[in-house]
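S.K.: Here is my input; please provide its structure:
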Amino acid sequence: MEKKKDILIDVDEVIVFSGFVEAVNDFMGTNYVIDDFTEYYIDEAAIPKEKMDDFNKFLDGRNLYEYAEILPDAIESIKELNEEYNTYFLTSCVNEANLDGCGRVFMDKYNFLRKNFPFINPKQFIFTGSKGLFKAYAKIDNLLENFNSEEEVEVKILFPSYHNKDITDKELKEKGVIRAGYEWRTGWKEVKKLLLS
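M.R.: Numbering: from 1, shown residues only. Reported below is the predicted structural model:
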């Protein structure tokens, strides 16, 4: 039997919107939706600088994954991919603006993954701030900066998200990355076309 190849899947903005927009709305009294944003850092776009410290304190006791929105087809698609590949979640929980609160975010994300993806062994959850250190057959991420041309990954897939629609084909080509469409609502259908035989 041929050995399964490894794939690395990012978590935030790839399988789930973590409830960050809901936190911003609760804090600001607004009613934003994810598609209102074009920048990755929603808090920087929505919250005035003078309120940022208060917002970080507001986040301290909040489990963002309690309000999470799992992206369409994510669970079913990852289940299918897991039949053909060794599937690893490769994710970061480090917020430079609130390093003291990161441990709780790791726990909340771990518990979210355990609950919603029970078919993935928790030994295959990788929490890191250095995604370029890991080699695999394929890697799926929503941030172009998380790919580099030297990393040992054969297939690099940019998952479509609210903040990466304007990345040019030239930028993708320079990093050897292919795009799984432009729409997060259908991104998992596109990923399956690229990775399932």
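S.K.: what's near enough to touch the closest residue to Lys156 other than its chain neighbours?
M.R.: Spatial nearest neighbour of Lys156, excluding adjacent residues (CB to CB, 6 or more residues apart in numbering): Val177 at 4.3 Å. In short, each C-beta sits where N, CA and C put it, glycine included. By CB atoms under 8 Å, 6 or more residues apart in numbering, the contact set of Val177 is Leu144, Phe147, Lys156, Ile157, Leu158.
S.K.: same thing but 7 Å
M.R.: Taking CB atoms under 7 Å, 6 or more residues apart in numbering as the contact definition, Val177 lies against Leu144, Phe147, Lys156, Leu158.
S.K.: CA atoms only: put the host helix or strand of Lys115 into PDB for me.
M.R.: Using DSSP states H and E, Lys115 maps to helix 102-116. Written as PDB, here are the backbone C-alpha positions of helix 102-116 (Å, rounded to 0.1, in the frame of the first residue of the first chain):
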ATOM      1  CA  CYS A 102      -2.500  33.700  23.700                       C
ATOM      2  CA  GLY A 103      -2.400  30.600  25.900                       C
ATOM      3  CA  ARG A 104      -6.200  30.800  26.300                       C
ATOM      4  CA  VAL A 105      -6.600  31.200  22.500                       C
ATOM      5  CA  PHE A 106      -4.500  28.000  22.000                       C
ATOM      6  CA  MET A 107      -6.900  26.200  24.300                       C
ATOM      7  CA  ASP A 108     -10.000  27.500  22.700                       C
ATOM      8  CA  LYS A 109      -8.900  26.700  19.200                       C
ATOM      9  CA  TYR A 110      -7.800  23.200  20.300                       C
ATOM     10  CA  ASN A 111     -11.200  22.500  21.900                       C
ATOM     11  CA  PHE A 112     -12.900  23.800  18.800                       C
ATOM     12  CA  LEU A 113     -10.900  21.500  16.600                       C
ATOM     13  CA  ARG A 114     -11.500  18.500  18.800                       C
ATOM     14  CA  LYS A 115     -15.300  19.100  18.800                       C
ATOM     15  CA  ASN A 116     -15.700  19.800  15.100                       C
END
